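Asks: sequence and predicted structure are below.
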Amino acid sequence: MPLIDENKLTKSKNRNQKIAFFLFASVGYFIVTILVAILSFIVYKGIGVINWNFISQMPEEGMTKGGIYPAIIGTLYLVSGSMLFAFPIGVLAAIYMNEYFKDGIIKRIVRMMTNNLAGVPSIVFGLFGMSLFVNKLGFGDSILAGSLTLGLLVLPIVIRTTEEALKAVDDTFRQASLGLGATKWQTTRRVVLPIAFPNIITGLILSIGRVSGETAPILFTVAAYFLPKLPSSIFDQAMALPYHLYVISTSGTNIEESRPIAYGTALVLILIVLICNLIANGLRKYFSKKVKMN
Amino acid sequence: MKNFYKKFSERFIEGLLMISSTITSLTVVLIIFFLFKEGLGVFNKKPLEEGYAVVINRLNSVGKLNAEQIKNIYDQKINNWSELGGANDSIYLFRMEDISNYYTDEQIGENFEHLPDCLNSIVDSIKGVIAFFPEKYINKSFKGKQLEVDKVSLKEFFGGEEWFPTSQPVSQLGVKPLIYGTLWVSFGAILIALPLGLAAAIYLSEIAKGRVRRIMKPLIELLAGIPSVVYGFFGLVIIVPFIQQAFNLPVGETGLAGSIVLGIMALPTIITISEDAMRNTPRAMKEASLALGASKWQTIYKIVIPNSISGITAAAILGIGRAIGETMAVLMVTGNAAVIPTGILQPMRTIPATIAAELGEAPDGGLHYKALFALGCILFIITLLINLIVEFVSTNRKNTKH
């Protein structure tokens, strides 16, 4: 009789592995199922509500009837406003961080600050935006205040994705350009940026998805509960999709009656996010193929 | 000349880039400044509504009370001045609506022009009286004594067990219920998300075939893209009724509902970061283990997991951070009762949800407003600590590797 029954050992080893692998695989599929469940539930309930009138008309009768047009427009304004602010600054900052900044303690501090900003809860941005933009600078509850708050929130994300895009550019390109006598900025503008461009745009689109769904930062900086007219300037209040969904699902005058509108709003919101993600993913794939072919 | 122009524009652009890169740091500094300027202001204020006064008889030797004592008087838990260091007189609570027991409408006057005199004589005639009314009714001939109320103290703020900022006559600003609520909901969430997330991360990094991985990973990342208000809405219409029925509760808006929703929301963070750490396990180590006859599973739990433990820790901490700071989803499903919770199946209220729910009603610059900013400070410090810990853990990992 051998000291260790090898056959038995192998068997139990294989059995354990099978059980463990089965468990892990099921968890993986379970999580995907959660996603599918959330999405299909909202699509199922919301698809019947959405039609041209729903997205092109004003809300009516205490938001139990009518459409969500002003909320869509408000979100559009907020997204463009915050991106106009965050995208250029974020890209410029990322270029400096990746191409110019010399390694050292200051760079580490700046990077740490950026990471910290990315970790600040969105409601704290709301507080900050309210005390700085709304009260101190006197913008009041306005699209301007909301856009700036959202812009600051999304700035670290733009910086991070842009930096990653710049890092992915092979150093030989830079060396070749510098070797030919180009200056640092010429190299960055003519060589590095064009190659990194698709990935930067991908980051931009993902940021748009993020901004369009944020609620907490706009609660006290721009959002209006019920405003059946379009904002006429950047100093006006505006409705916004995520805030609209929050209000009609928790504190509307008649929650039961406005449920269909809530489902419809949720679906529109999810569609925006999904489309942004799909475009970003598609772009990423398309360009990575193109690079490989070259 | 051309060279000079070139050099100048290079410098100019570099300066512009540098300024842009400082904006995030500047924002952090500004956030700290504004948050703490407003938030610390709470400790400079009395927990009394502005323009109101608490008055007692002038013969009463008590001169100063804190918020809790006044509240206990009004809740009739303290009934004798001797409990507060005064003479042995029972406390007589005078409320403004009681005035009709003493004076007719005519005596008070059509436009309340005689009200100050009426109040004066009431306060002067009852020895154990305590009354709370607007300061403007105190006239020159007032014979009572205004009680001094202590400013909000750190001890009251962090040790107080009641959060009721609009309570009369004194605001109750104890953050304990909110901190406990936040901790219950967040730790519940991480208990759900950590095992699931780790299992999925192991599956994605070590077991799944390339094609499955390529499909599953973007789907899981998509979970992170869904707006929190949509999670909240989903929780409200599906999870809340489900919990109500499953546990036979009067309301389904409980800490558990919040934990489940937050758990789902924390999954992508945990999966992406821990999967990253696992995939960074050196191939040589895995192959050595396999070559020694270990099964794949043995290799995973003896080699891959111990090797990536710092990444997994970082994932767990960041997951908790995400849960603690999340606002909208929690606000919509946890029921928002500001009571110290004793179990996960109770309604509870977190710090961010409190800010979101109450800031709209708090007058600018008032006590309530500042108290909410102080909550923001707490939240900011927690997330700052979490970021620093994660930074520390991950630099440690890099150092041990080389």
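Replies: The structure has been received and is ready for your questions.
Asks: now do the buried residues in stretch A:238-248.
Replies: A:A238, A:M239, A:A240, A:L241, A:P242, A:Y243, A:H244, A:L245, A:Y246, A:V247, A:I248 (16 or more other Cβ atoms under 10 Å in any protein chain shown). The way it works is simple: take the backbone N, C-alpha and C, and place the C-beta from them, glycine included.
Asks: farthest-apart pair in those, please.
Replies: Longest distance between any two of the buried residues of stretch A:238-248 is 16.1 Å, between A:A238 and A:I248; criterion Cβ to Cβ.
Asks: residues from the stretch 1-150 of chain B in reach of chain A?
Replies: Neighbours of chain A within the stretch 1-150 of chain B, by Cβ under 8 Å from any Cβ of the partner chain: B:6, B:9-10, B:13-14, B:16-18, B:20-25, B:27-28, B:30-31, B:34-35, B:38.
Asks: try it again at 7 Å.
Replies: B:6, B:10, B:13-14, B:16-18, B:20-21, B:23-25, B:27-28, B:30-31, B:34-35, B:38 (Cβ under 7 Å from any Cβ of the partner chain).
Asks: buried ones among these?
Replies: The neighbour-count test (16+ other Cβ under 10 Å) marks B:13-14, B:17-18, B:20-21, B:23-25, B:27-28, B:31, B:34-35, B:38 as buried among those.
Asks: which of those fall within helices?
Replies: When these are checked against helices (DSSP state H), the matches are B:13-14, B:17-18, B:20-21, B:23-25, B:27-28, B:31, B:34-35, B:38.
Asks: residues in contact with A:L150?
Replies: A:L78, A:S82, A:V211, A:E214, A:P217, A:I218 (Cβ atoms under 7 Å, 6 or more residues apart in numbering or on different chains).
Asks: please name the nearest non-neighbouring residue to it.
Replies: A:S82 (3.8 Å; Cβ to Cβ, 6 or more residues apart in numbering or on different chains).
Asks: same deal with B:I32?
Replies: Nearest one to B:I32, counting by Cβ to Cβ, 6+ apart, is B:F380 at 7.3 Å.
Asks: give me the three-state assignment for that neighbour.
Replies: helix (DSSP: H, G, I helix; E, B strand; the rest coil).
Asks: compute the distance between the residue in the stretch 251-400 of chain B that chain A sits nearest to and A:A216, please.
Replies: Proximity of the stretch 251-400 of chain B to chain A (Cβ to the nearest Cβ) peaks at B:G325, 2.8 Å away. Per Cβ to Cβ, to the nearest Å, B:G325 is found 9 Å from A:A216.
Asks: settle it for me: which of these two has more neighbours?
Replies: A:A216 (29 against 25; other Cβ atoms under 10 Å in any protein chain shown).
Asks: I'd guessed the more buried one sits against B:V330; true?
Replies: No: the criterion here is Cβ atoms under 7 Å, and A:A216 misses it with B:V330 at 10.4 Å.
Asks: what parts of the stretch 201-350 of chain B come near chain A?
Replies: So the stretch 201-350 of chain B meets chain A at B:202-204, B:207-208, B:216, B:218-220, B:222-223, B:225-230, B:233-234, B:236, B:238, B:264, B:267, B:295-298, B:321, B:325, B:327-328, B:332 (Cβ under 7 Å from any Cβ).
Asks: ok, of those residues, which come out buried?
Replies: Buried, going by 16+ other Cβ under 10 Å: B:202-204, B:207-208, B:216, B:220, B:222-223, B:225-230, B:233-234, B:236, B:238, B:264, B:267, B:295-298, B:321, B:325, B:327-328, B:332, out of those.
Asks: any low-confidence regions in chain B?
Replies: Chain B contains residues with pLDDT under 70 at B:1, B:396-402.
Asks: domain ranges for it?
Replies: B:2-44, B:52-150, B:176-401 (automatic domain parsing).
Asks: ranges for the helices of the stretch 251-400 of chain B?
Replies: B:255-279, B:283-291, B:296-299, B:305-307, B:309-325, B:328-333, B:351-358, B:367-401 (DSSP state H, counting those that start in this stretch).
Asks: tell me which of the ones you listed sits most buried.
Replies: The highest mean neighbour count among the helices of the stretch 251-400 of chain B, using mean count of other Cβ atoms under 10 Å in any protein chain shown, belongs to helix B:328-333: a mean of 30.
Asks: and A:V211, what does it touch?
Replies: Going by Cβ under 7 Å, 6+ apart, the list of residues near A:V211 reads A:L78, A:V79, A:S82, A:L150, A:V154.
Asks: shouldn't the last one be in contact with A:S82?
Replies: The reference is to A:V154. Yes: contact status for A:V154 versus A:S82: in contact at 6.1 Å, counting by Cβ under 7 Å.
Asks: B:Q245: what secondary structure?
Replies: B:Q245 ends up helix, using three-state DSSP.
Asks: with adjacent residues omitted, what lies nearest to the residue positioned nearest the centre of chain A?
Replies: In chain A, the C-alpha nearest the mean C-alpha coordinate belongs to A:R210, at 1.9 Å (Cα atoms, centre = their mean). Ranked by Cβ to Cβ, 6+ apart and with sequence neighbours excluded, the top spatial neighbour of A:R210 is A:V154, at 6.0 Å.
Asks: ok so the one you found is a helix residue?
Replies: Yes: assessed with three-state DSSP, A:V154 lies in a helix.
Asks: neighbours of it, how many?
Replies: A:V154 has 27 nearby residues by other Cβ under 10 Å.
Asks: residues touching it, list them.
Replies: A:S82, A:A86, A:S207, A:R210, A:V211.
Asks: and the gap between B:P250 and B:F133?
Replies: Relative to B:F133, and taking Cβ to Cβ, B:P250 is found at 39 Å.
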